[in-house]
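K.L.:
have a look at this prediction, sequence included:
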Amino acid sequence: MRERKAKKGDPLARAVMLVCSSVCILGIALIFIFIIKESLPAFRELGPSNLFGAQWSPDVSEPAAGKYGMLAFINGTLLTTLGGLLLGAPLGISTAIFLDQVAPRRAARVIHRGVEMLAGIPSVVIGWFGLTMLVPFLARISGTGGDGLLAASIVLGIMTLPTITFLSLEALRSLPPEYKEASLAMGATRWQTIRRILVPAARRGILVAVILGMGRAIGETMAVQMVIGNARQAAWGPFQRTSTLPSRIITDMGESSGLFRSALFAQGLVLLVLAMLLILAIRLVNRERGRGR
């Protein structure tokens with residue numbers, strides 16, 4: 001009787017799951033369609049040479065006469081994301097190794113809870129910390145205003161730390177215990193085992209963790225906006241002010257209309273494409289991981 005009831009319920013469960021998954025796919029498709037639709041006037045009337053130029057000087061009274069180049073903001077987005085990963089990835093991976101292989105159980109539990117609490121802190125709170133504590137500190141040691149690429153990179157490094165730590169920890173814990181046991185049986189030290197056996201064996205999962213951390217960093221808005229300076233220029237030095245695509249969108253969207261608004265949607269489309277490329281990278285990494293097995 002129970003088997004018959006289970007079989008009768010299977011089609012209903014499959015239908016519910018199909019509806020749920022279809023809603024998710026439909027939502028993603030609608031987001032793409034909406035952003036593409038809203039950005040088409042900018043591509044059609046302003047042209048790629050204007051949109052991907054280096055100058056950003058919108059004209060609210062006459063939008064068609066303005067300059068809407070997003071190249072400086074793409075540069076700011078990529079540099080702050082890279083800087084956040086250069087700070088967050090080594091710290092996150094090292095924390096995962098410490099939790100899995102070095103820390104005593106009680107200390108590991110405390111640190112694990114601390115990283116979990118960090119993951120739950122709202123981004124605006126981290127941005128406020130950066131604005132009130134980090135930026136003045138950087139201003140004192142550098143003799144500048146303190147805000148800019150370095151401040152934004154540090155904030156992003158803090159925000160990517162939980163993602164990279166937890167996913168790297170899962171990658172290490174998924175390894176067969178025989179790897180460690182065989183290495184120690186051959187006379188290797190604990191650090192040799194970690195460096196030469198465990199980390200290389202978990203490198204695919206660690207790489208996925210870094211890519212997902214990059215996806216977390218590339219779309220961050222409020223925290224970055226509070227410390228980057230929001231300047232309409234490209235920046236290369238650590239203490240130079242600039243903007244990212246998300247911070248520029250949120251700064252200018254309130255006063256935009258017409259082609260100005262469409263140009264901001266074009267920035268959102270570029271940001272979405274960058275995020276999709278990260279997801280594609282994750283898919284390729286997972287595919288290679290499956291082939292390796």
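P.N.:
Noted; the coordinates are in hand. All of these numbers come straight from a predicted model, not from anything done at the bench.
K.L.:
what residues does stretch 75-89 touch?
P.N.:
149-150, 152-161, 164, 210, 213-214, 217-218, 224, 228, 234-236, 242-246, 271, 274 (C-beta atoms under 8 Å, 6 or more residues apart in numbering). Just so you know, the C-beta spots here come from the backbone N, C-alpha and C atoms, and that holds for glycine as well.
K.L.:
hmm, try it at 7 Å
P.N.:
Here stretch 75-89 makes contact (C-beta atoms under 7 Å, 6 or more residues apart in numbering) with 149, 152-154, 156-157, 160-161, 164, 210, 213-214, 217-218, 224, 228, 234-235, 242-245.
K.L.:
could I get the CA-only coordinates of that stretch as CSV?
P.N.:
Provided in CSV are the C-alpha atoms of stretch 75-89 (Å, rounded to 0.1, in the frame of the first residue of the first chain):
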residue,chain,number,x,y,z
ASN,A,75,38.4,49.3,-15.0
GLY,A,76,37.4,50.1,-11.4
THR,A,77,35.2,47.1,-11.1
LEU,A,78,37.9,44.7,-12.3
LEU,A,79,40.7,46.3,-10.2
THR,A,80,38.7,46.3,-7.0
THR,A,81,37.5,42.7,-7.6
LEU,A,82,41.1,41.6,-8.3
GLY,A,83,42.4,43.5,-5.2
GLY,A,84,39.7,42.0,-3.0
LEU,A,85,40.6,38.5,-4.2
LEU,A,86,44.3,39.1,-3.7
LEU,A,87,43.5,40.0,-0.1
GLY,A,88,40.6,37.6,0.6
ALA,A,89,41.7,34.5,-1.2
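K.L.:
if we can go back for a sec, just the ones of the contacts of stretch 75-89 in helices?
P.N.:
149, 152-154, 156-157, 160-161, 164, 210, 213-214, 217-218, 224, 245 (DSSP state H).
K.L.:
any weak-confidence spans in the chain?
P.N.:
Across the chain, the ranges flagged by pLDDT under 70 are 1-9, 60, 63, 285-286, 288-293.
K.L.:
all strands for it, in order.
P.N.:
In the chain, the strands defined using DSSP state E lie at 56-57, 67-68.
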